[in-house]
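> here is my input, please return the structure:
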Amino acid sequence: MRRRLAAEAVLTAVAVAVAVAGCGDGPRPDLVVKGTPPATPYAGPLYLPTRELTGHSPRATRLASGAAGRALECDGEIFEGAGPDGWSRSDGGATPEEGLDIAFDMFEPELPDHGYRVERAEPHRVLYSLDVGGRTKVAVVVAEDQKGRPGWGPETHASCDPAELPESFTATTDREIWTDRAGRRVAVAHLHSAPGAEHCAWQSAHFLALDDRTYARDPDGVLARDGLLRAPYRPRVRMPADARDTGYRHGDRRLWLTADRATAYIRTEHAVEAWPLVKEGVGCA
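Down below sits the predicted model:
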């Protein structure tokens, strides 16, 4: 009974925090919303020990993200997740919602920073979820008064593939999400594209990542100049007879491939471009 009453007290505190958000310097007013309860709310423990494994496999990510990773309802594999990280005495929040806000102020994850809902609340822990179609796509567990971490702050967080996040959010990021022949969004873990980084002076280039391969469009030769391509980029070619339409599309770009996948052939309204493979380990300081 005492535990149930304590949990109800946490829920009341959360509700008060939501009501007063926006007054003074508190969390943004749309950080937490009332929302609609999911059809199958997470019923597991809000605390699970985390383990750090080498690599970035779904299993490793799930073990590193503890309860947050278990709370997800992904169509595909878990995409990102992590366990406890430190906050100092001056960082901890006075309410669970302030603890959630810290996650975005301190760690700046590539996740939506508003629209979360309280899915579960227990003494000293609250699970916040961001739902799409009634299913949890981002989960953050905030905890109170952990060892060396006074106040409320993020304990674990996890998210599904960005293609499962709201389009209103993904449209604001550099990562471009493609669709398949049926118009469904393709998992970023399988395929995505992005413009070159400005701090590398690659902004005129464009990259396309397909599984373990990366191709590039290089109209100004900025990548070729640095010897980063396995073959020249060609802005206008004939489509090879053995190339096949993958069905993947982004805007007016259509991805065609030959069996060896040595080149990505991008058909547009005006031409067929040949995007060569990028050499492994490409990066800039």
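
> give me the number of residues near H56?
H56 is flanked by 11 other residues according to other Cβ atoms under 10 Å. The C-beta positions use only the backbone N, C-alpha and C, and glycine is treated the same way.

> distance check, it against P84.
To P84, H56 is 19 Å away according to Cβ to Cβ, to the nearest Å.

> ditto for G69
13 Å.

> a helix runs through G99, doesn't it?
Yes - remark: G99 belongs to a helix, assigned using DSSP: H, G, I helix; E, B strand; the rest coil.

> what sits against it?
By Cβ atoms under 8 Å, 6 or more residues apart in numbering, the contact list for G99 reads 92-93, 126, 142-144, 151-154.

> most widely separated two among these?
G92 and V126 (14.0 Å; Cβ to Cβ).

> in space, what's closest to A60 - neighbours in sequence excluded?
Leaving aside its sequence neighbours, A60 sits nearest to L53 (Cβ to Cβ, 6 or more residues apart in numbering; 4.0 Å).

> what's the answer for W152, then?
Nearest in space to W152, with sequence neighbours left out and distances taken as Cβ to Cβ, 6+ apart, is G99 at 3.0 Å.

> got it, and T50?
Nearest residue to T50, sequence neighbours excluded (Cβ to Cβ, 6+ apart): G83, at 3.4 Å.

> distance check, that neighbour against Q146.
Taken as Cβ to Cβ, the spacing of G83 relative to Q146 amounts to 12 Å.

> so what sits against both of the two?
Overlap between the neighbourhoods of G83 and Q146 consists of E155, taking contacts as Cβ under 8 Å, 6+ apart.

> so what's D30 up against?
Neighbouring residues of D30 by Cβ under 8 Å, 6+ apart: 114-115.

> what sits in contact with each of G69 and P84?
When Cβ under 8 Å, 6+ apart defines a contact, the residues bordering G69 and P84 alike are T156.

> so between the two, which is more surrounded?
G69 (26 against 17).

> now that one, what's its secondary structure?
Here G69 is helix, with the state taken from three-state DSSP.

> repeat that for the one 4 residues further on.
At E73 the chain is in coil, as set by three-state DSSP.

> how about the residue nearest the centre of the chain: what's its closest non-neighbour residue?
The structure's the chain has its C-alpha centroid closest to P162; by Cα atoms, centre = their mean the separation is 4.6 Å. The shortest distance from P162 to any residue that is not its chain neighbour, by Cβ to Cβ, 6+ apart, is 4.7 Å, and that residue is V188.

> got the contact list for the one you found?
The contact partners of V188, by Cβ under 8 Å, 6+ apart, come to 79, 161-163, 175, 177.

> three-state assignment of it?
Three-state secondary structure (criterion: three-state DSSP) places V188 in coil.

> what's the answer for T61, then?
Secondary structure for T61, judged by three-state DSSP, is helix.

> where are the low-confidence patches of this structure?
Counting by pLDDT under 70, the chain shows low-confidence ranges at 1-27, 85-90, 106-109, 285.

> so which of the contacts of G99 comes closest to E73?
Of all these, V126 has the smallest distance to E73: 18.3 Å, by Cβ to Cβ.

> any idea whether the closest one is helix, strand or coil?
Secondary structure, three-state DSSP: V126 is strand.

> having no further points to raise, I will conclude here.
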